[in-house]
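J.: Got a predicted structure plus its sequence, pasted below:
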Amino acid sequence: MKTALVTGASAGFGAAIAARFAENGWRVVACARRAERLRQLVERFGADRVHAVAFDIRDEAALRAALDALPQDFSDIDVLVNNAGLALGTAKAQDCDLAQWRQMIDTNVTALATLTRLCLPKLIERRGAIVNISSISGTYPYTGGNVYGGTKAFVTQFSLGLRCDLHGTGVRVTSVEPGMAETEFTLVRTGGDRAASDKLYAGTHPITAQDIAETVWWIASLPSHLNVNRIEVMPVSQSAAGLQVARDS
Ligand code: NDP
Ligand code: 8X3
């Protein structure tokens, strides 16, 4: 039986990814801060299938302790899904809150890189795979995307760099780059503004968490000689239209 470690498994993509792997017979290590949400996964699939670990991924000591304390049945990680992440705010850079910038960098960049580094020996030993959840915001800039987009550009480039370093090890690395998806993402970004979240997605037929779970499952279950380097997924209702010009400024 194979094992996946999924970060951000308490909501959105991560919860759907954890469920997709568990229902397909994998063991899942489900990580996030909200223990009660993770407990629901354990109740749904059983403690022999899902092991829940609640901690803040920005806390390196807690991260190390969680990995060190994995029960033997869950310690052989075959697939690492680096999904935990967030955007905070939509203000222009000149108006942004530095604490929010730091939280995005600490979560989306530093914690992701730290967990990856700590899992690499096991992943190499098991010829495993890393699936990093990046975003189209790492490729296409938009007003108010500033640091969030920067963190996701890191995730994409880090994924490509890992591919180089892991050359010859058999470890696969993929950057998944979704566009607009309806999860708790916008609620978090707006500080819990349900009306703003509903307004953003109204009438758009956005990506669902299940869509991304299906994408990640497909990547993980491909034959071991195939690597999807990057995959960009948007809802049909979204496309890129960049470039603005300020006159007489
Ligand atoms: P959600 O807000 O629904 O889920 C985010 C998950 O990340 C939650 O499980 C949350 O758990 C976890 N998380 C956040 N901060 C921490 C932390 N400090 N420690 C541990 N876990 C943390 O959003 P999505 O499912 O949409 O987001 C998942 C990933 O997908 C993110 O990396 C996001 O940037 C990316 N993405 C999202 C898109 C979208 O439009 N929704 C599009 C492209 C990419 P908890 O709060 O319990 O700790
Ligand atoms: C999350 C979606 O619109 O910020 O990555 O690119 S968006």
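T.: That came through fine. Given the structure is predicted, the values throughout are model-derived calculations rather than measurements. Ligands and ions are numbered 1, 2, ... in the order given.

J.: residues near residue 188, how many?
T.: Other residues lying near residue 188 total 16 when counted by other CB atoms under 10 Å. (Glycine included, C-beta is placed from N, CA and C.)

J.: who touches it in this structure?
T.: Taking CB atoms under 8 Å, 6 or more residues apart in numbering as the definition of contact, the neighbours of residue 188 are 86-88.

J.: Now narrow those to whatever sits close to ligand 1.
T.: residue 86 (CB under 6 Å from any ligand atom).

J.: Other residues contacting stretch 111-126?
T.: Against stretch 111-126 from outside (CB under 8 Å, 6+ apart): 5, 7, 57-58, 60, 63-64, 67, 75-78, 80, 82, 84-85, 128-130, 132, 155, 158, 162, 166, 169-171.

J.: coming back round to it: in ChimeraX, select just the buried ones from the contacts of residue 188.
T.: Provided next is the ChimeraX selection string for whichever of the contacts of residue 188 are buried by 16 or more other CB atoms under 10 Å:
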select :86,87,88
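
J.: Could you export the contacts of residue 188 to TSV, including columns for secondary structure and pLDDT?
T.: Written out in TSV, the entries for the contacts of residue 188 read as follows (DSSP: H, G, I helix; E, B strand; the rest coil; pLDDT from 0 to 100):
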residue	secondary structure	pLDDT
86	coil	98
87	coil	98
88	coil	98
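
J.: quick one: buried residues of the top helix by length along the chain?
T.: Longest among the helix segments of the chain by residue count, using DSSP state H, is helix 146-165. If you call a residue buried by 16+ other CB under 10 Å, then helix 146-165 has these buried ones: 146-156, 158-159, 162-163.
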